[in-house]
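Visitor: I'll drop the sequence and a predicted model, then ask my questions.
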Amino acid sequence: MRLVVAVTGASGVELGLKLVSKLPERVTGYLILSENARRVLEHESHRVYNDDDIAAPVASGSFPSDAMIVVPCSMNTLAKIACGIADNLVTRTAAVMLKENRPLLLAPREMPLGTIALENMLKLSRLGVTIAPPVPGYYSGHATVEEMEDFMIGKWFDLLGIEHTLYKRWRIEEL
Ligand SMILES: Cc1cc2nc3c(=O)[nH]c(=O)nc-3n(C[C@H](O)[C@H](O)[C@H](O)COP(=O)(O)O)c2cc1C
């Protein structure tokens, strides 16, 4: 599987980087990252692109990506994607996912959510985009922040069809 992972300038950049570190071997990540995030990740086995590298392979519809996740997704990037603005590699690649009818998952991080952001999310949801913010679940019995993050990453993996054992499923022992 070829998964595009974009990290934008919302708080929770670490969550995006942690998601990448949890990808199973059969998933190749194509990462679009801020400068600081790039420095952390450049020695790992995934392909890393700068947000201003508009000519990167993932910016083309001819690149056979299977899905894209933006985590965390800033309200700025959310608004641009909702309006079809493609002025950097993240927004261009998201526009490609939409025009090619490929899975696009956004993890918007803001609190509280303003009306404009909510309208943008509704518009994108109606276009088939999955809106999956970083919301912790409390039924999985996390004792640490680490476990809470694993739960959220596991939920995103579920949505992307990536198998994992990152969190304990509700009443799984009864099955
Ligand atoms: C420390 C810090 C935290 C931020 N957290 C958020 C956030 O959680 N959500 C958000 O939408 N914007 C947040 N912002 C604002 C965005 O970084 C800003 O809107 C920026 O233009 C987003 O650019 P991008 O969408 O190209 O990454 C934060 C900015 C800073 C400096």
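Guide: In hand now; what should we look at?
Visitor: what does the chain have sitting close to the ligand?
Guide: 8-11, 74-77, 109-110 (Cβ under 6 Å from any ligand atom). Yep, even glycine has a C-beta here, placed from its N, CA and C like the rest.
Visitor: of all the residues you listed, which comes closest to residue 116?
Guide: Proximity of the residues of the chain next to the ligand to residue 116 (Cβ to Cβ) peaks at residue 75, which lies at 7.9 Å.
Visitor: Pull the number of nearby residues for that closest one.
Guide: Residues lying near residue 75 (other Cβ atoms under 10 Å) number 18.
Visitor: Contacts only, for it.
Guide: Contacts for residue 75 (Cβ atoms under 8 Å, 6 or more residues apart in numbering) come out as 10, 108, 110, 114, 116-117, 120.
Visitor: and the residues you listed as TSV, adding neighbour count?
Guide: Shown next, in TSV, are the contacts of residue 75 (neighbours: other Cβ atoms under 10 Å):
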residue	neighbour count
10	22
108	25
110	15
114	10
116	12
117	18
120	22
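Visitor: which one among those residues gets closest to the ligand?
Guide: Taking Cβ to the nearest ligand atom as the measure, the ligand lies nearest residue 10 of these, at 3.4 Å.
Visitor: Which pLDDT value does the model give the closest one?
Guide: Looking at residue 10, its pLDDT stands at 81.
Visitor: Give the lowest-confidence helix or strand of this protein, using mean pLDDT as the measure.
Guide: In the chain, no helix or strand scores lower on mean pLDDT, DSSP states H and E than helix 35-41, which sits at a mean of 65.
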